[in-house]
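Q: Sequence and predicted model, in that order:
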Amino acid sequence: MRYFKLVISLFLLIATIYLLSNPLNVGERSLPAIGDLINPFSGFWANAEKIENESDEFKAEGLKGNTSIKYDDRHVPHIFAENLSDLMFAQGYAIAKERLWQMDITTRSIEGKTAEILGESALSQDMTLRQKGMARSALLAVESWKKNERGYALVERFSDGINYFIDQLDPADYPLEFKLLGYEPQQWEPYRTALFIKAMAITLNSANNDMATTNALEVLGEEKFYDLYPDRNKKQSPIIEKGNWPSPAVSMNEVITNQINELFESIQRDDHHIFVGSNNFAVGGGKSASGHPVLANDPHLKLTLPSIWIEMHLVCPELNAYGVSLPGVPGIVIGFNEDISWGQTNVGQDVLDFYKMKWVDDEKRQYYIDGEIKDAEIVIEKFDVKGVGEVLDTVIYTEWGPVMKEEGRQTDLAQRWVSLDAPEPGEVDVFVNINQSKDFASFRNALRSFTAPAQNFIFSSKSGDIALSVVGKLPIKSDQQGRFIQDGSLSSSAWKGFIPFDELPMELNPERDFVASANQHSTDNGYPYYYNGGFEDYRGRYINSKLEGMTKVSSADLMNLQLDAYNLKAEEALPILLEELEQTKLSAKEKEVVDRLDDWNYTYTSNSIGASYFEEWWDVFYDMVFDEIVELRKEINVPYPEAFRLIELMEEEPDHWVFDVEDTDEVETLHSIVNQSLKKVGFDTLEVKAWSESRNTEINHLANIPAFASQKISSPGHRNTPNAISKYNGPSWRMVVEMTDPVKGYGIYPGGNSGNPGSQYYDNFVLDWADGQYYELNSSSDPDKIKLAYELTFKPKK
């Protein structure tokens, strides 16, 4: 018995050692060896950060002078260098020090290489991104950048700084996520910066409805389709005021007739509850309290931990810029310097179109254009899948672009997307050039190299100018081109080039003394170039109306406008709903709901019950009105009609055919649907929570690790309000800048500068952000004026 116990003990010991020393396979995922993870010297314990960081000194090759990174009390790096090259090196180091895993996983994902670390479960997504041509287009970008000698040298120095940090790391020092996923960081190069920019393109300019609208046109017919899906809201307040537009470079009289009339299976579906947007606005000195311009910007993106942004201050003889950077891109992306401030919102114009190919045979190796046979380019993509080995996939390229797949098989649809084109060589240092700009002329010149994703760049200067420019590579299209799938067998289906930079919408110092954008249409119908896309219908109109009425505007006033939770959609829709109700047929609970709605001020405060009531009712009402569309979407991909069109019909055509429910014998009208929808909500038994709890905003970790997330964020706002917060998206950086002397800047984002979940600086801004607070931004060029926590010094290695 004694020997038996000994054998059992030895067996358990060996088993324990094995389990601690070897990766564990759980389903399709492979987890790292738990012994490595809990090792007190090199496992996750090593990532528990001290409250006080220590100053240190380093010597690095390639430096031309002394450089210091001074961390303030909020862990913001203030980088002081003697020249621009050393500044880029130090910025790369500082970003890698805080966000190395984020940089790695973002670029690895867009490159289509996450299956190398996550296994077979990530393979489908990797294949999709390779099929889209993301890695290939990043290589094209690098080749273009190399033509810009100065810019490419700067991104190389930026990469050198990242790699200097990586080379210092022992496995014990790796960021926690590397240990959890069981892999090592890779060296950085300009190609990875290009991949990061492509990741932003996927987020900001890859949306399209070509298949959905083509299907809807085929099923509904032209009359009903154009009735339900107008190009724009008649109430729209465009970004650029009506003016004297330049004559177009290409005749715009042609109407495209090359769209395909057939049904298509869905490669991707739209969702009317998902949004990516932003606000920016600036007032001139004549409208401000100080007599100087005041600028505000808040990009609305998916909220994550670590944040998409990292706050930084860059100083050298050539520039002094403060703001936020993308963790993988050199320079300050949104911010200000001693002379100007700038920011961006996304341009909603459609720059991705699909073309139906006419193949020579079923092998899809050749296709027709204008009757001529063309050879497709066949690319074999290789995937190194953890736990599986090498997997191969075929991607077909045509003159239009790559052919998309659906459920692993080739479709007949090729993708033409501006973000797959080689960018301007100046793209590589466009933000560094903006950081160095002194006035509108130099700022505008820097923008000439900006390619994609197209942005509404806002500007203000200490000299008193305010401006807004639509910037990016935007295709010249014929009327209606791009709304539907085009005939890929005809060369006449191609775009007619790109809108020249000087013919893109722009305004400088307008008479109304403010500029603003909130993802609405860039122009009114008078602009000579046709464009389609996805545009916001409420925030822009509301912001413009508020700015029109403002005088003696202060920084605090623009902060309040950013935080404003008023919903113009509710203001337009709810009174009609209430007017159509038959009050005598309401239950006691329904009467209580209606009374609360009647008293509601259309503002989505955190504790608002009225906002929650309206959202519950509106969703049911919308689905009942568009019951045909809801049913169609169960079979094929068709788009949801815009809410603004429903409100138009409520105001102007209460007996419109759309209010008739398809599967009933009676003919319903707006009146009957309003009353039926309130009953269908079921307020008598429905537990309705306060708005913030109902919306349930979450800021999740990039790897969806719940322990590293910040959930149940209590904050006012809705996706249609200036403070555009939804469950997963919201203002990812709020900034207000007043162009006094010296410049006064304020800002905050929902996260923290550190990417280490064990750091006190990982999410230390979140509660203040949710509470609507701002931090004063110290952009002094005097290093002694930084509230120093600790300092890293870099000297040339001799």
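A: In hand now; what should we look at?
Q: which residues of the stretch 351-500 of the chain fall in strands?
A: For the stretch 351-500 of the chain, applying DSSP state E, counting those that start in this stretch gives strands covering 352-356, 366-369, 372-375, 377-385, 389-397, 403-406, 409-417, 455-461, 466-471, 486-487.
Q: Now for residue 161, how many residues are close by?
A: For residue 161, the neighbour count with other CB atoms under 10 Å is 28. Bear in mind the C-beta positions are built from the backbone N, C-alpha and C, glycine included.
Q: That one in helix, strand or coil?
A: What DSSP: H, G, I helix; E, B strand; the rest coil gives for residue 161 is helix.
Q: Next: residue 756.
A: Under three-state DSSP, the three-state class of residue 756 is coil.
Q: Please tell me how far it sits from residue 173.
A: Distance, residue 756 to residue 173, using CB to CB, to the nearest Å: 11 Å.
Q: Please identify which of those two sits among more neighbours.
A: residue 756 (22 against 14).
Q: I'd assumed residue 176 was in contact with that one.
A: Yes - between residue 756 and residue 176 a contact is recorded at 6.7 Å, counting by CB atoms under 8 Å.
Q: For stretch 585-600, list the C-alpha coordinates in PDB.
A: Presented in PDB, the C-alpha positions along stretch 585-600 are these (Å, rounded to 0.1, in the frame of the first residue of the first chain):
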ATOM      1  CA  LYS A 585     -58.000  53.300 -24.400                       C
ATOM      2  CA  LEU A 586     -54.900  53.400 -22.300                       C
ATOM      3  CA  SER A 587     -54.300  51.200 -19.300                       C
ATOM      4  CA  ALA A 588     -53.200  52.900 -16.000                       C
ATOM      5  CA  LYS A 589     -49.600  51.900 -16.600                       C
ATOM      6  CA  GLU A 590     -49.700  53.100 -20.300                       C
ATOM      7  CA  LYS A 591     -51.200  56.400 -19.100                       C
ATOM      8  CA  GLU A 592     -48.300  56.800 -16.700                       C
ATOM      9  CA  VAL A 593     -45.900  56.100 -19.500                       C
ATOM     10  CA  VAL A 594     -47.600  58.600 -21.800                       C
ATOM     11  CA  ASP A 595     -47.700  61.300 -19.100                       C
ATOM     12  CA  ARG A 596     -43.900  60.800 -18.500                       C
ATOM     13  CA  LEU A 597     -43.300  61.100 -22.200                       C
ATOM     14  CA  ASP A 598     -45.400  64.200 -22.500                       C
ATOM     15  CA  ASP A 599     -43.300  65.800 -19.800                       C
ATOM     16  CA  TRP A 600     -40.000  64.600 -21.200                       C
END
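Q: Start the count at 44 instead of 1 going forward.
A: Okay, using 44 as the starting number, the last item reads as stretch 628-643.
Q: Can you mark which positions in that stretch are buried?
A: Neighbour counts over stretch 628-643 (16 or more other CB atoms under 10 Å) mark 629, 633, 636, 637, 639, 640, 643 as buried.
Q: ok, now stretch 677-687?
A: Neighbour counts over stretch 677-687 (16+ other CB under 10 Å) mark 679, 680, 681, 682, 683, 684, 685, 686, 687 as buried.
Q: How far does it stretch from one end to the other?
A: 23 Å (CA to CA, to the nearest Å).
Q: again, but for stretch 810-828
A: In stretch 810-828, first residue to last residue: 27 Å (CA to CA).
Q: go on, stretch 241-259?
A: From its first residue to its last, stretch 241-259 covers 31 Å (CA to CA).
Q: Figure out how far that stretch is from the centre of its chain.
A: Mean-position distance between stretch 241-259 and its chain equals 13 Å (CA atoms, centre = their mean, to the nearest Å).
Q: pLDDT averaged over it, what's the number?
A: Regarding stretch 241-259, the rounded mean pLDDT is 95.
Q: and if you look at stretch 822-829?
A: 97.
Q: how about it: buried residues?
A: Judged by neighbour count (16+ other CB under 10 Å), stretch 822-829 contains these buried residues: 822, 824, 829.
Q: The second one and residue 363 touch, don't they?
A: Yes - in terms of CB under 8 Å, residue 824 counts as a neighbour of residue 363; the distance is 4.7 Å.
Q: Mutual contacts of those two, please.
A: The contact sets of residue 824 and residue 363 overlap at residue 381 (CB atoms under 8 Å, 6 or more residues apart in numbering).
Q: And the average pLDDT for stretch 747-758 is what?
A: Stretch 747-758 shows a mean pLDDT of 92 in the predicted model.
Q: Could you check how far that stretch is from the centre of its chain?
A: Centroid displacement of stretch 747-758 relative to its chain, using CA atoms, centre = their mean, is 19 Å.
Q: what about that stretch, how long is it end to end?
A: Terminal residues of stretch 747-758 are spaced 22 Å apart (CA to CA).
Q: now what about that stretch, what contacts it?
A: Under the contact criterion CB under 8 Å, 6+ apart, stretch 747-758 has outside partners 223, 348, 649, 735-736, 739-744, 766, 768, 773, 793, 800, 805-806, 809, 812-815.
Q: Same question for stretch 582-589.
A: If you take CB under 8 Å, 6+ apart as the criterion, stretch 582-589 is touched by 278-282, 320, 322, 324, 559-563, 604, 607, 609, 611, 763-765, 767.
Q: Looking at those residues, which are in strands?
A: Among these, the members found in strands (DSSP state E) are 320, 322, 324, 559, 560.
Q: Mind picking the lowest-pLDDT entry from the residues you listed?
A: Among the ones in strands among the contacts of stretch 582-589, residue 320 has the lowest pLDDT, at 78.
Q: any idea how far residue 483 is from that one?
A: 26 Å.
Q: who has more neighbours, the two?
A: Neighbour totals were compared for residue 320 and residue 483, and residue 320 leads with 25 against 19 (other CB under 10 Å).
Q: continuing past the helix ranked longest in the chain, what's the next helix or strand?
A: Ranked by residue count under DSSP state H, the longest helix found in the chain is helix 127-154. Scanning forward in sequence from helix 127-154 by DSSP states H and E, the next helix or strand is helix 158-161.
Q: pLDDT of whatever helix or strand comes next after that next one, averaged?
A: Downstream of helix 158-161, the first helix or strand assigned by DSSP H and E is helix 166-174. Averaged across helix 166-174, the pLDDT comes to 96.
Q: Please identify the buried residues of helix 166-174?
A: 166, 169, 170, 172, 173, 174.
Q: Take these and write them to CSV, including distance to residue 181.
A: Formatted as CSV, the buried residues of helix 166-174 follow (distance: CB to CB, whole Å):
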residue, distance to residue 181
166, 20
169, 15
170, 17
172, 11
173, 12
174, 15
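Q: List just the nearest of those residues to residue 787.
A: Nearest to residue 787 among those: residue 172, at 42.3 Å, using CB to CB.
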